[in-house]
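*Asks:* Mind looking at a prediction? Sequence and model below.
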Amino acid sequence: ATSIGQPMGGVKLRIKENGNLYCNHPYCFAGYMDEMGNWLYHPEEWHRTGDVAAYSEDGTITVTGRADNSINRSGYLILLADVERLIEKLDYIAQVVVITIKAETIQGRKLVACCILKSNESIVKIEKIRDDCKNILPSYALPDEILLLKEFSLLPSGKIDQQALSNLAEKIYEHDTQNI
């Protein structure tokens with residue numbers, strides 16, 4: 001989760017349903033138009049950023065994920081950011097990114113929780129994480145695989161390189177198609 005601090009002057013931020021972050025500011029573009037020339041978005045309206053966020057105790061805003069990262073498994077829509085938020089509540093998890101890989105299970109695409117443990121938690125086993133996930137997540141949202149890492153690759157922007165994580169997980173689990 002990355003703190004974006006306080007908004008700059010003239011920028012208003014609002015967190016709405018399911019943690020979706022909206023912004024409104026005078027620096028925005030004129031708007032979107034459809035093929036018929038009808039306005040789809042006006043600058044005076046609140047713009048959905050596609051980020052999922054939460055207010056920190058100090059009043060700053062922390063981006064916890066992307067709302068457009070979702071998957072349908074067993075007929076349920078799963079927001080990967082929701083799964084990440086719940087797994088991050090485990091005492092020994094410092095950071096988690098949940099991704100999907102091409103391998104299929106009976107429920108759909110395979111979910112992989114890429115986890116970084118807190119520095120004082122070097123002996124936590126994957127089985128413990130899996131068991132604890134069973135207590136906080138519905139069965140259809142349980143990660144099929146748990147990948148423990150020391151750090152995440154970052155893009156030049158400072159964001160987590162999701163593609164690098166996906167490539168790593170694909171390589172590790174490419175031959176494993178069983179449901180766990």
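*Replies:* Done, it's in. Residues are numbered from 1 along each chain as shown.

*Asks:* CA atoms for contacts and neighbours, from now on please.
*Replies:* Fine.

*Asks:* Can you name the next helix or strand after the helix or strand bottoming out on mean pLDDT in the chain?
*Replies:* Taking mean pLDDT, DSSP states H and E as the measure, strand 2-5 is the helix or strand of the chain with the lowest mean score, a mean of 74. Moving toward the C-terminus from strand 2-5, the next helix or strand (DSSP states H and E) is strand 12-15.

*Asks:* I would like the residues contacting that next one, please.
*Replies:* Residues outside strand 12-15 that contact it (CA atoms under 8 Å, 6 or more residues apart in numbering): 7, 21-25, 53-54.

*Asks:* Report the buried residues of that strand.
*Replies:* 13-15 (16 or more other CA atoms under 10 Å).

*Asks:* Looking at those residues, which is nearest Lys110?
*Replies:* Of all the buried residues of strand 12-15, Ile15 has the smallest distance to Lys110: 29.9 Å, by CA to CA.

*Asks:* re the thing from before, filter the contacts of strand 12-15 down to the buried ones, ChimeraX style.
*Replies:* Buried residues within the contacts of strand 12-15, by 16+ other CA under 10 Å, are selected in ChimeraX with:
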select :21,22,23,24,25,53,54
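
*Asks:* Give me the subset of the contacts of strand 12-15 that lies in strands.
*Replies:* Taking DSSP state E, the ones among these that sit in strands are 21-24, 53-54.

*Asks:* This structure: helices as residue ranges?
*Replies:* 80-88, 126-136, 162-173 (DSSP state H).

*Asks:* roughly how far is the first one from the heart of the chain?
*Replies:* This points to helix 80-88. Chain-centre distance of helix 80-88: 7 Å, with CA atoms, centre = their mean, to the nearest Å.

*Asks:* Show me what that helix is packed up against.
*Replies:* strand 61-66, strand 93-105, helix 126-136 (3 or more CA pairs under 8 Å, 6 or more residues apart in numbering; DSSP states H and E).

*Asks:* Reformat the ones you listed as JSON lines; add mean neighbour count, distance to Gly75 and mean pLDDT.
*Replies:* Shown next, in JSON lines, are the helices and strands packed on helix 80-88 (neighbours: other CA atoms under 10 Å; distance: least, CA to CA, whole Å; pLDDT from 0 to 100):
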{"stretch": "strand 61-66", "mean neighbour count": "20", "distance to Gly75": "21", "mean pLDDT": "78"}
{"stretch": "strand 93-105", "mean neighbour count": "20", "distance to Gly75": "13", "mean pLDDT": "90"}
{"stretch": "helix 126-136", "mean neighbour count": "14", "distance to Gly75": "19", "mean pLDDT": "95"}
